[in-house]
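Novice: Take this sequence and fold it.
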Amino acid sequence: MPAPTCSSCHAARAALRRPRSGQALCGSCFCATFEAEVLHTVLAGHLLPPGAVVAVGASGGKDSTVLAHVLRELAPRLGITLHLVAVDEGIGGYRDAALEAVSSQAARWELPLTIVAYADLFGGWTMDAVARSTAGSGRSRSCCTFCGVLRRRALEEGARLVGASHIVTGHNADDMAETVLMNFLRGDAGRLARGGVLGSAGEGCALPRCRPLQFASQKEVVLYAHFRRLRYFSEECVYAPEAFRGHARDLLKRLEAARPSAVLDLVHSAERLALAPAARPPPPGTCSRCGALASHTLCQACALLDGLNRGLPRLAIGKGRRVLEDKPPLSGNPSSDPAASQGPCTCEQSRDGATLCGDGGDRAEATCVLQSDLSPTE
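Specialist: From the prediction side, this is the model:
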(Lines give C-alpha, C1' and ligand atoms only; values in the text may rest on other atoms or scores of the structure.)
Protein backbone atom coordinates (compact mmCIF):
# COMPACT_ATOMS: atom_id res chain seq x y z
CA MET A 1 0.00 0.00 0.00
CA PRO A 2 1.56 3.36 -1.02
CA ALA A 3 2.31 5.95 1.64
CA PRO A 4 -0.39 8.62 2.03
CA THR A 5 0.16 12.19 0.91
CA CYS A 6 1.27 14.72 3.52
CA SER A 7 -1.82 16.28 5.08
CA SER A 8 -0.07 19.64 5.38
CA CYS A 9 1.60 20.37 2.03
CA HIS A 10 -0.52 17.87 0.02
CA ALA A 11 2.48 17.30 -2.25
CA ALA A 12 5.13 15.08 -0.71
CA ARG A 13 4.59 11.57 0.56
CA ALA A 14 4.04 11.27 4.28
CA ALA A 15 7.00 9.96 6.27
CA LEU A 16 5.16 9.43 9.56
CA ARG A 17 1.82 9.58 11.29
CA ARG A 18 1.78 11.55 14.54
CA PRO A 19 0.33 9.47 17.39
CA ARG A 20 -1.27 12.41 19.19
CA SER A 21 -3.12 13.89 16.20
CA GLY A 22 -3.15 11.17 13.56
CA GLN A 23 -1.67 13.60 11.03
CA ALA A 24 0.29 12.08 8.17
CA LEU A 25 3.24 14.41 7.54
CA CYS A 26 6.32 14.51 5.36
CA GLY A 27 9.65 15.11 7.06
CA SER A 28 9.81 18.80 6.18
CA CYS A 29 6.28 19.57 7.39
CA PHE A 30 6.82 17.56 10.56
CA CYS A 31 9.91 19.61 11.44
CA ALA A 32 8.07 22.87 10.74
CA THR A 33 5.17 21.73 12.93
CA PHE A 34 7.54 20.64 15.71
CA GLU A 35 9.26 24.05 15.70
CA ALA A 36 5.91 25.86 15.67
CA GLU A 37 4.76 23.90 18.72
CA VAL A 38 7.95 24.74 20.63
CA LEU A 39 7.48 28.40 19.68
CA HIS A 40 3.91 28.26 20.97
CA THR A 41 5.10 26.71 24.26
CA VAL A 42 7.63 29.50 24.75
CA LEU A 43 5.26 32.33 23.84
CA ALA A 44 2.18 31.01 25.65
CA GLY A 45 4.18 30.37 28.80
CA HIS A 46 6.06 33.70 28.61
CA LEU A 47 9.23 31.69 29.13
CA LEU A 48 11.87 33.72 27.27
CA PRO A 49 11.30 37.48 26.99
CA PRO A 50 12.87 39.46 24.12
CA GLY A 51 16.45 40.39 24.92
CA ALA A 52 17.03 37.35 27.13
CA VAL A 53 20.51 35.82 27.21
CA VAL A 54 19.73 32.11 27.33
CA ALA A 55 22.09 29.45 28.67
CA VAL A 56 21.26 26.14 26.99
CA GLY A 57 22.18 23.13 29.11
CA ALA A 58 24.13 21.11 26.54
CA SER A 59 25.10 17.49 27.13
CA GLY A 60 25.53 16.37 23.53
CA GLY A 61 22.50 14.05 23.83
CA LYS A 62 19.43 14.05 21.63
CA ASP A 63 17.27 16.33 23.77
CA SER A 64 19.76 19.15 24.31
CA THR A 65 20.89 18.88 20.68
CA VAL A 66 17.33 19.26 19.37
CA LEU A 67 16.60 22.04 21.87
CA ALA A 68 19.67 24.04 20.84
CA HIS A 69 18.89 23.60 17.14
CA VAL A 70 15.23 24.59 17.49
CA LEU A 71 16.00 27.65 19.62
CA ARG A 72 18.70 28.68 17.14
CA GLU A 73 16.04 28.56 14.40
CA LEU A 74 13.57 30.53 16.54
CA ALA A 75 16.04 33.02 18.06
CA PRO A 76 15.42 35.80 15.49
CA ARG A 77 11.65 35.63 16.09
CA LEU A 78 12.05 35.47 19.87
CA GLY A 79 14.76 38.13 20.04
CA ILE A 80 17.02 36.04 22.28
CA THR A 81 20.75 35.29 22.42
CA LEU A 82 21.96 31.71 22.95
CA HIS A 83 25.03 30.42 24.80
CA LEU A 84 25.74 26.71 25.23
CA VAL A 85 26.81 25.63 28.72
CA ALA A 86 28.16 22.09 29.17
CA VAL A 87 29.07 20.35 32.41
CA ASP A 88 32.07 18.06 32.78
CA GLU A 89 31.11 15.69 35.59
CA GLY A 90 34.42 13.86 35.45
CA ILE A 91 33.22 10.46 34.21
CA GLY A 92 36.12 8.69 32.56
CA GLY A 93 35.50 7.10 29.16
CA TYR A 94 32.10 8.77 28.80
CA ARG A 95 31.99 12.51 29.30
CA ASP A 96 35.00 13.30 27.09
CA ALA A 97 33.21 11.87 24.04
CA ALA A 98 30.00 13.73 24.90
CA LEU A 99 31.87 17.03 25.25
CA GLU A 100 33.42 16.46 21.83
CA ALA A 101 29.89 16.20 20.42
CA VAL A 102 28.91 19.46 22.13
CA SER A 103 32.03 21.22 20.83
CA SER A 104 31.24 20.02 17.32
CA GLN A 105 27.67 21.34 17.57
CA ALA A 106 28.86 24.71 18.86
CA ALA A 107 31.30 25.07 15.96
CA ARG A 108 28.74 23.96 13.35
CA TRP A 109 26.05 26.35 14.61
CA GLU A 110 28.46 29.17 15.50
CA LEU A 111 27.24 29.32 19.10
CA PRO A 112 29.51 30.22 22.04
CA LEU A 113 30.29 27.32 24.38
CA THR A 114 31.40 27.33 28.00
CA ILE A 115 32.36 24.15 29.88
CA VAL A 116 32.31 24.01 33.68
CA ALA A 117 33.76 21.08 35.61
CA TYR A 118 32.74 19.45 38.89
CA ALA A 119 36.40 19.26 39.91
CA ASP A 120 36.76 23.05 39.69
CA LEU A 121 33.48 23.86 41.40
CA PHE A 122 33.35 21.25 44.14
CA GLY A 123 36.77 21.08 45.71
CA GLY A 124 38.21 18.42 43.41
CA TRP A 125 35.25 16.04 43.54
CA THR A 126 34.40 14.30 40.24
CA MET A 127 31.63 11.78 39.63
CA ASP A 128 34.17 8.97 39.44
CA ALA A 129 35.47 9.99 42.87
CA VAL A 130 31.92 10.24 44.22
CA ALA A 131 31.15 6.77 42.82
CA ARG A 132 34.17 5.29 44.58
CA SER A 133 33.14 6.94 47.83
CA THR A 134 29.50 5.85 47.68
CA ALA A 135 30.37 2.32 46.53
CA GLY A 136 32.54 1.89 49.60
CA SER A 137 29.54 2.67 51.78
CA GLY A 138 27.18 0.39 49.90
CA ARG A 139 25.42 3.26 48.16
CA SER A 140 26.47 2.81 44.54
CA ARG A 141 22.87 3.36 43.48
CA SER A 142 23.04 6.92 44.83
CA CYS A 143 25.42 8.17 42.12
CA CYS A 144 22.56 9.80 40.20
CA THR A 145 21.43 11.54 43.38
CA PHE A 146 24.78 13.26 43.71
CA CYS A 147 25.13 13.91 39.98
CA GLY A 148 21.70 15.47 39.60
CA VAL A 149 22.17 17.88 42.50
CA LEU A 150 25.71 18.86 41.55
CA ARG A 151 24.87 19.15 37.88
CA ARG A 152 22.06 21.57 38.60
CA ARG A 153 24.42 23.66 40.68
CA ALA A 154 27.15 23.53 38.01
CA LEU A 155 24.74 24.62 35.27
CA GLU A 156 23.66 27.56 37.41
CA GLU A 157 27.28 28.59 37.96
CA GLY A 158 28.03 28.23 34.24
CA ALA A 159 25.01 30.34 33.32
CA ARG A 160 26.12 33.08 35.70
CA LEU A 161 29.63 32.91 34.27
CA VAL A 162 28.37 33.76 30.77
CA GLY A 163 26.00 36.46 32.00
CA ALA A 164 22.81 34.54 31.16
CA SER A 165 19.43 35.79 32.32
CA HIS A 166 17.63 32.46 31.75
CA ILE A 167 18.44 28.74 31.68
CA VAL A 168 16.75 26.23 29.37
CA THR A 169 17.01 22.46 29.63
CA GLY A 170 16.08 19.67 27.25
CA HIS A 171 13.46 17.76 29.21
CA ASN A 172 10.88 16.16 26.93
CA ALA A 173 7.41 14.87 27.79
CA ASP A 174 8.70 11.36 28.57
CA ASP A 175 11.24 12.80 31.02
CA MET A 176 8.51 14.73 32.78
CA ALA A 177 6.14 11.75 32.92
CA GLU A 178 8.93 9.62 34.41
CA THR A 179 9.54 12.30 37.02
CA VAL A 180 5.85 12.37 37.95
CA LEU A 181 5.88 8.58 38.39
CA MET A 182 9.08 8.68 40.45
CA ASN A 183 7.79 11.37 42.78
CA PHE A 184 4.46 9.57 43.16
CA LEU A 185 6.15 6.26 43.98
CA ARG A 186 8.37 8.03 46.49
CA GLY A 187 5.38 9.75 48.06
CA ASP A 188 7.04 13.12 47.49
CA ALA A 189 4.06 15.47 47.52
CA GLY A 190 6.24 18.57 47.50
CA ARG A 191 7.94 17.75 44.22
CA LEU A 192 4.69 16.50 42.69
CA ALA A 193 3.17 19.90 43.44
CA ARG A 194 5.92 21.94 41.81
CA GLY A 195 7.11 19.55 39.11
CA GLY A 196 4.40 20.24 36.54
CA VAL A 197 5.12 23.87 35.81
CA LEU A 198 7.00 24.73 32.62
CA GLY A 199 9.77 26.36 34.59
CA SER A 200 10.73 28.27 37.70
CA ALA A 201 10.56 32.04 37.95
CA GLY A 202 13.94 32.29 39.63
CA GLU A 203 13.21 32.89 43.30
CA GLY A 204 15.88 34.57 45.35
CA CYS A 205 19.31 34.28 43.72
CA ALA A 206 18.33 31.50 41.29
CA LEU A 207 18.07 32.21 37.56
CA PRO A 208 14.73 31.50 35.83
CA ARG A 209 14.61 28.04 34.21
CA CYS A 210 12.26 26.52 31.66
CA ARG A 211 11.70 23.41 29.53
CA PRO A 212 10.56 24.30 25.99
CA LEU A 213 10.34 20.61 24.98
CA GLN A 214 8.10 19.60 27.88
CA PHE A 215 5.19 18.68 25.59
CA ALA A 216 7.28 16.99 22.88
CA SER A 217 7.46 13.20 23.09
CA GLN A 218 10.79 11.42 23.06
CA LYS A 219 9.89 9.68 19.79
CA GLU A 220 9.23 12.98 18.07
CA VAL A 221 12.45 14.48 19.45
CA VAL A 222 14.33 11.56 17.87
CA LEU A 223 12.41 11.96 14.60
CA TYR A 224 13.20 15.67 14.47
CA ALA A 225 16.90 14.91 14.94
CA HIS A 226 16.65 12.33 12.17
CA PHE A 227 14.95 14.57 9.61
CA ARG A 228 17.24 17.50 10.42
CA ARG A 229 20.26 15.16 10.26
CA LEU A 230 21.49 16.22 13.69
CA ARG A 231 24.39 14.29 15.13
CA TYR A 232 24.34 13.63 18.85
CA PHE A 233 25.97 11.50 21.52
CA SER A 234 23.81 8.45 22.30
CA GLU A 235 25.81 6.35 24.77
CA GLU A 236 24.33 5.83 28.23
CA CYS A 237 26.15 6.90 31.36
CA VAL A 238 28.14 4.12 33.02
CA TYR A 239 26.32 4.83 36.29
CA ALA A 240 22.81 4.86 34.78
CA PRO A 241 21.78 1.16 34.97
CA GLU A 242 21.23 1.25 38.74
CA ALA A 243 19.23 4.48 38.72
CA PHE A 244 15.62 4.42 39.96
CA ARG A 245 14.56 6.38 36.86
CA GLY A 246 15.16 3.28 34.73
CA HIS A 247 12.40 1.43 36.60
CA ALA A 248 10.02 4.37 36.11
CA ARG A 249 10.89 4.36 32.40
CA ASP A 250 10.08 0.66 32.07
CA LEU A 251 6.77 1.17 33.85
CA LEU A 252 5.92 4.12 31.62
CA LYS A 253 6.59 2.09 28.47
CA ARG A 254 4.13 -0.56 29.64
CA LEU A 255 1.54 2.09 30.46
CA GLU A 256 2.00 3.73 27.07
CA ALA A 257 1.53 0.40 25.30
CA ALA A 258 -1.88 0.08 26.95
CA ARG A 259 -2.76 3.79 26.73
CA PRO A 260 -0.84 5.78 24.08
CA SER A 261 -1.78 9.10 25.68
CA ALA A 262 -0.32 8.09 29.07
CA VAL A 263 2.78 10.30 28.74
CA LEU A 264 0.93 13.54 28.05
CA ASP A 265 -1.82 12.61 30.50
CA LEU A 266 0.78 12.43 33.27
CA VAL A 267 2.36 15.72 32.21
CA HIS A 268 -0.98 17.54 32.15
CA SER A 269 -1.99 15.98 35.48
CA ALA A 270 1.19 17.37 37.01
CA GLU A 271 0.33 20.79 35.55
CA ARG A 272 -3.10 20.77 37.15
CA LEU A 273 -1.67 19.64 40.47
CA ALA A 274 0.88 22.45 40.37
CA LEU A 275 -1.98 24.95 40.04
CA ALA A 276 -3.83 23.65 43.12
CA PRO A 277 -3.24 26.08 46.03
CA ALA A 278 -3.54 23.34 48.65
CA ALA A 279 -0.77 21.33 46.97
CA ARG A 280 1.80 24.09 46.91
CA PRO A 281 4.71 23.61 49.32
CA PRO A 282 5.62 26.36 51.78
CA PRO A 283 8.13 28.95 50.56
CA PRO A 284 11.75 27.83 50.97
CA GLY A 285 14.15 29.26 53.50
CA THR A 286 17.87 29.82 53.09
CA CYS A 287 20.84 27.51 53.54
CA SER A 288 22.72 28.26 56.77
CA ARG A 289 26.08 27.87 55.00
CA CYS A 290 25.82 29.34 51.51
CA GLY A 291 22.67 31.44 51.82
CA ALA A 292 20.88 29.77 48.93
CA LEU A 293 17.25 28.67 48.82
CA ALA A 294 16.72 25.53 50.88
CA SER A 295 13.85 23.58 52.41
CA HIS A 296 16.02 22.55 55.37
CA THR A 297 18.91 23.96 57.35
CA LEU A 298 21.29 22.95 54.55
CA CYS A 299 20.67 22.99 50.81
CA GLN A 300 21.16 19.71 48.98
CA ALA A 301 24.55 20.61 47.55
CA CYS A 302 26.00 21.60 50.93
CA ALA A 303 24.61 18.46 52.58
CA LEU A 304 25.89 16.10 49.90
CA LEU A 305 29.35 17.66 49.68
CA ASP A 306 29.71 17.78 53.45
CA GLY A 307 28.87 14.10 53.70
CA LEU A 308 31.45 13.28 51.03
CA ASN A 309 34.15 15.35 52.72
CA ARG A 310 33.48 13.61 56.03
CA GLY A 311 33.90 10.24 54.34
CA LEU A 312 30.29 9.44 55.25
CA PRO A 313 28.25 9.83 52.05
CA ARG A 314 25.32 7.89 53.53
CA LEU A 315 24.75 10.72 55.99
CA ALA A 316 23.97 13.05 53.11
CA ILE A 317 21.05 10.95 51.88
CA GLY A 318 17.66 10.67 53.50
CA LYS A 319 17.21 11.09 57.23
CA GLY A 320 20.92 10.87 57.80
CA ARG A 321 21.33 14.47 56.70
CA ARG A 322 19.86 15.58 60.02
CA VAL A 323 23.14 14.55 61.60
CA LEU A 324 25.02 16.80 59.18
CA GLU A 325 22.75 19.73 59.93
CA ASP A 326 23.55 19.41 63.62
CA LYS A 327 27.32 19.49 63.04
CA PRO A 328 29.59 22.32 61.85
CA PRO A 329 31.50 21.86 58.58
CA LEU A 330 34.97 20.38 58.67
CA SER A 331 37.64 22.97 59.48
CA GLY A 332 41.22 23.28 58.34
CA ASN A 333 40.45 22.00 54.85
CA PRO A 334 39.83 24.61 52.14
CA SER A 335 37.73 22.12 50.18
CA SER A 336 35.71 20.90 53.14
CA ASP A 337 32.79 23.12 52.22
CA PRO A 338 33.08 23.75 48.48
CA ALA A 339 29.46 24.76 48.13
CA ALA A 340 29.87 27.62 50.55
CA SER A 341 33.03 28.86 48.82
CA GLN A 342 31.63 28.80 45.31
CA GLY A 343 28.68 31.12 45.74
CA PRO A 344 24.94 30.55 46.11
CA CYS A 345 23.52 27.08 45.74
CA THR A 346 20.25 26.68 43.88
CA CYS A 347 19.41 23.06 44.59
CA GLU A 348 16.15 22.18 46.28
CA GLN A 349 15.51 19.53 48.90
CA SER A 350 12.45 17.30 49.08
CA ARG A 351 10.28 17.89 52.11
CA ASP A 352 10.88 14.45 53.61
CA GLY A 353 14.63 14.95 53.45
CA ALA A 354 15.26 12.48 50.64
CA THR A 355 17.71 13.59 48.00
CA LEU A 356 16.39 12.79 44.57
CA CYS A 357 17.84 11.52 41.31
CA GLY A 358 18.47 14.82 39.65
CA ASP A 359 15.01 14.90 38.13
CA GLY A 360 13.60 17.86 40.01
CA GLY A 361 11.89 19.02 36.86
CA ASP A 362 14.72 21.47 36.21
CA ARG A 363 17.61 19.13 35.58
CA ALA A 364 19.72 19.71 32.55
CA GLU A 365 19.77 16.57 30.48
CA ALA A 366 21.54 14.62 33.20
CA THR A 367 24.18 12.20 32.08
CA CYS A 368 23.11 9.79 34.78
CA VAL A 369 19.75 9.21 33.11
CA LEU A 370 19.40 6.15 30.88
CA GLN A 371 19.49 7.24 27.25
CA SER A 372 16.80 5.99 24.90
CA ASP A 373 17.82 3.18 22.60
CA LEU A 374 16.01 4.98 19.81
CA SER A 375 18.40 6.61 17.39
CA PRO A 376 18.04 8.00 13.88
CA THR A 377 19.32 6.07 10.93
CA GLU A 378 22.15 7.95 9.27
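Novice: All the helices of the stretch 1-150 of the chain, in order from the start?
Specialist: Secondary structure of the stretch 1-150 of the chain by DSSP state H, counting those that start in this stretch: the helices cover 27-44, 62-78, 95-109, 118-121, 127-136, 143-161.
Novice: where among these is the average confidence lowest?
Specialist: Mean pLDDT per stretch puts helix 127-136 lowest among the helices of the stretch 1-150 of the chain, at a mean of 83.
Novice: Quick one: list the elements packing against that helix.
Specialist: helix 143-161 (3 or more C-beta pairs under 8 Å, 6 or more residues apart in numbering; DSSP states H and E). For the C-beta atoms, the positions are set from N, CA and C on the backbone; glycine is no exception.
Novice: So what sits opposite Arg13 in the bridge?
Specialist: Note on Arg13: beta-bridge partners Thr5, judged by DSSP bridges.
Novice: Let me see the contact set for it.
Specialist: By C-beta atoms under 8 Å, 6 or more residues apart in numbering, the contact list for Arg13 reads 2-6, 26.
Novice: Only the buried subset of the residues you listed, as a PyMOL command please.
Specialist: Buried members of these, defined by 16 or more other C-beta atoms under 10 Å, are picked up in PyMOL with:
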select buried, resi 6+26
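Novice: Out of the contacts of Arg13, which comes closest to Ser64?
Specialist: Sorting the contacts of Arg13 by distance to Ser64 puts Cys26 at the head of the list, at 26.1 Å, by C-beta to C-beta.
Novice: Identify the residues contacting that closest one.
Specialist: With contacts defined as C-beta under 8 Å, 6+ apart, Cys26 is in contact with 6, 8-9, 11-15.
Novice: can I get those residues in CSV with distance to Leu230 and pLDDT?
Specialist: Formatted as CSV, these follow (distance: C-beta to C-beta, whole Å; pLDDT from 0 to 100):
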residue, distance to Leu230, pLDDT
Cys6, 21, 96
Ser8, 21, 95
Cys9, 22, 95
Ala11, 25, 94
Ala12, 20, 94
Arg13, 22, 94
Ala14, 21, 95
Ala15, 16, 94
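Novice: which neighbours does the longest strand seen in the chain have in its sheet, and in what orientation?
Specialist: If you go by DSSP state E, the chain has its longest strand at strand 81-88. Using DSSP bridges, the strands paired with strand 81-88 are strand 53-57 (parallel), strand 113-117 (parallel).
Novice: most neighbours per residue, which of those strands?
Specialist: Among the strands paired with strand 81-88, strand 53-57 has the highest mean neighbour count (mean count of other C-beta atoms under 10 Å), at a mean of 25.
Novice: which residues touch it?
Specialist: 48, 64, 67-68, 71, 80-85, 87, 155, 158-159, 162-170, 207, 364-365.
Novice: Repeat the analysis, applying 6 Å as the threshold.
Specialist: Contacts to strand 53-57, defined as C-beta atoms under 6 Å, 6 or more residues apart in numbering, come from residues 68, 80-85, 155, 159, 163-169, 364.
Novice: Can you tell me which of those residues are buried?
Specialist: Neighbour counting with 16+ other C-beta under 10 Å marks 68, 80-85, 155, 159, 164-169, 364 as buried within these.
Novice: Flag the shaky bits of the stretch 101-250 of the chain, pLDDT-wise.
Specialist: 136-142, 193-199, 202-204 (pLDDT under 70).
Novice: and with 90 instead?
Specialist: 123, 130-149, 179, 182-206, 235-247 (pLDDT under 90).
Novice: sorry, back to before: from the contacts of Cys26, which would you call buried?
Specialist: Buried by 16+ other C-beta under 10 Å: 6, 8, 14-15, out of these.
Novice: Identify, from those, the entry nearest to Ala131.
Specialist: Proximity of the buried ones among the contacts of Cys26 to Ala131 was ranked by C-beta to C-beta; the top entry is Ala15 with 42.1 Å.
Novice: Based on its surroundings, how many neighbours for the residue lying closest to the closest one once chain neighbours are set aside?
Specialist: Closest residue to Ala15 apart from its sequence neighbours, by C-beta to C-beta, 6 or more residues apart in numbering: Gly27 at 4.7 Å. Gly27 has 18 neighbours, counted by other C-beta atoms under 10 Å.
Novice: Arg289 now?
Specialist: Arg289: 23 surrounding residues under other C-beta under 10 Å.
Novice: roughly how far apart are it and Cys299?
Specialist: According to C-beta to C-beta, to the nearest Å, Arg289 and Cys299 sit 8 Å apart.
Novice: Ok, Trp109 next?
Specialist: Going from Trp109 to Cys299 by C-beta to C-beta gives 34 Å.
Novice: Can you pick out the residue with more neighbours from these two?
Specialist: Neighbour count, other C-beta under 10 Å: between Trp109 and Cys299, Cys299 has more, with 31 against 14.
Novice: Return the per-residue confidence for the more buried one.
Specialist: 78.
Novice: again with Glu256
Specialist: Predicted confidence (pLDDT) at Glu256: the value is 90.
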